[in-house]
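K.L.:
Sequence below, structure please.
(one chain, ligands or ions: 2)
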Amino acid sequence: MEPGGYLTLKTFSNGKDVILAISDQGKGIPPIDKMGIPFFTTKDSGTGLGLAVCYKIAARHNAAIDIQTSPAGAAFFVNFKVPDTENAADHR
Ligand SMILES: Nc1ncnc2c1ncn2[C@@H]1O[C@H](COP(=O)(O)OP(=O)(O)OP(=O)(O)O)[C@@H](O)[C@H]1O
Ligand SMILES: [Mg+2]
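P.N.:
Ligands and ions are numbered 1, 2, ... in the order given. Predicted coordinates for the structure are as follows:
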């Protein structure tokens, strides 16, 4: 995203998952299927590790990441499973 754009963080629940949504006002993600592959970058000085690290962190929390993209920006939705209340004792 160019300097001056807004990065928006939101948290909400859809009743099943708790969702952390991160959206930017960049140009959106190019149509490539290498998202999250370590060291894949389209930037001159990128490491290509940003998304790979994010996917690993999400996986350690049993969360799945969905991506939406358009020319107006990209949005990443991190879906955390909510433990069901019958098994809540396991999570105390
Ligand atoms: N928010 C985004 N908007 C547009 N493209 C993105 C976005 N995030 C990732 N990408 C695309 O995916 C590629 C890989 O992203 P990743 O975060 O893994 O590495 P990087 O951003 O290139 O490097 P670094 O994270 O080290 O700055 C980027 O080079 C870019 O092409
Ligand atoms: Mg990055």
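K.L.:
Stretch 7-22 near ligand 1 at all?
P.N.:
No. Applying C-beta under 6 Å from any ligand atom, one finds stretch 7-22 separated from ligand 1 by no less than 8.4 Å. To be clear about C-beta, it is placed using only N, CA and C from the backbone, and glycine gets the same treatment.
K.L.:
start to end distance for that stretch?
P.N.:
Taking C-alpha to C-alpha, to the nearest Å, stretch 7-22 runs 7 Å from one end to the other.
K.L.:
now stretch 22-35
P.N.:
Start-to-end, stretch 22-35 (C-alpha to C-alpha) is 16 Å.
K.L.:
what sits up against it?
P.N.:
1-2, 5-10, 40, 42, 51, 67, 69-76, 78 (C-beta atoms under 8 Å, 6 or more residues apart in numbering).
K.L.:
for that stretch, which positions count as buried?
P.N.:
For stretch 22-35, burial by neighbour count (16 or more other C-beta atoms under 10 Å) applies to 23-24, 28-29.
K.L.:
same thing with stretch 66-78?
P.N.:
Buried residues in stretch 66-78 (16+ other C-beta under 10 Å): 69, 73-78.
K.L.:
Please state the mean pLDDT value computed over it.
P.N.:
What stretch 66-78 shows for mean pLDDT is 96.
K.L.:
same check, this time on stretch 14-27
P.N.:
95.
K.L.:
just stretch 36-46 next, same as before
P.N.:
Computed over stretch 36-46, the average pLDDT equals 92.
K.L.:
what's the span of it, first residue to last?
P.N.:
Length of stretch 36-46, first residue to last, C-alpha to C-alpha: 13 Å.
K.L.:
what's next to that stretch, contact-wise?
P.N.:
30, 32, 34, 47-49, 51-52, 54-55.
K.L.:
Kindly recompute the last result at 10 Å.
P.N.:
For stretch 36-46, contacts defined as C-beta atoms under 10 Å, 6 or more residues apart in numbering pick out 29-30, 32, 34, 47-56, 65, 67.
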